[in-house]
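In: Provided below for reference: sequence and predicted model.
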Amino acid sequence: MGTELKADLKGQYAGVTQNRDSLNGRLTAIQICIQLDKRLSIGGEAMIKEHDCVVLTTNVPDEGPVAGDVGTVVHIHKGGEGYEIEFMTLTGETVAIVTLLAGQVRSLNRRDLAHTRELAPA
């Protein structure tokens, strides 16, 4: 790993630590995604790992999430054939944990724009 990349990753970790400390030990999902998903993929392909933030590419009507929602990988099935993704509000309230195929999610990229939508009352 190059020296510049090591320094960049170390700086990102420091940013996460600083944010956690400023919120009395509580990080929101969006803060974690913003800090950790600045890393580069290897060979031009994004490698999805546990705790990565991903974007849903298809609606999941029975569960609630819609295409474009951002979730966090909580488990990887069969080397990346599928994922357990947790979707939560920006304040950290879990909305759904959904099992999805690899083709139903994608990694965040530098050109993604955050957008919000309000959940319908339960």
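Out: Structure's in. What do you need?

In: what's the burial count for residue 71?
Out: 25 (other Cβ atoms under 10 Å). Using the backbone N, CA and C atoms, a C-beta is placed for each residue, glycine as well.

In: who's in contact with it?
Out: Applying Cβ atoms under 8 Å, 6 or more residues apart in numbering, we find residue 71 in contact with 53, 54, 56, 65, 85, 86, 87, 88, 98, 105.

In: Specify which member of those is nearest to residue 114.
Out: Using Cβ to Cβ, residue 53 is the member of the contacts of residue 71 that lies nearest residue 114, at 10.7 Å.

In: Residues in a beta bridge with the closest one, which ones?
Out: Using DSSP bridges, the bridge partners assigned to residue 53 are residue 72.

In: Distance check, it against residue 107.
Out: 8 Å (Cβ to Cβ, to the nearest Å).

In: For this protein, just list every one of the helices.
Out: For the chain, the helices defined by DSSP state H cover 3-22, 29-36.

In: more neighbours, residue 53 and residue 107?
Out: With neighbours defined as other Cβ under 10 Å, residue 53 and residue 107 compare such that residue 53 has more, 21 against 17.

In: Residue 112 against residue 55, yeah?
Out: Yes. Taking contacts as Cβ atoms under 8 Å, residue 112 lies within contact range of residue 55: 6.8 Å.

In: quick revisit: go through the helices of the chain and find the least confident stretch.
Out: Ranked on mean pLDDT, the bottom entry among the helices of the chain is helix 3-22, at a mean of 45.

In: top of the contacts of residue 71 by neighbour count?
Out: Going by other Cβ under 10 Å, residue 85 tops the contacts of residue 71 with 27 neighbours.

In: Need the nearest residue in space to that one, chain neighbours excluded.
Out: Of all residues not flanking residue 85 in the chain, residue 71 sits nearest, at 3.9 Å (Cβ to Cβ, 6 or more residues apart in numbering).

In: any idea how far residue 93 is from that neighbour?
Out: 13 Å.

In: Quick one: low-confidence residue ranges for the protein.
Out: Low-confidence segments of the chain, defined by pLDDT under 70, are located at 1-46, 122.

In: Show me where it has its strands.
Out: With strands called from DSSP state E, the chain shows them at 53-56, 70-77, 82-88, 94-101, 105-107.
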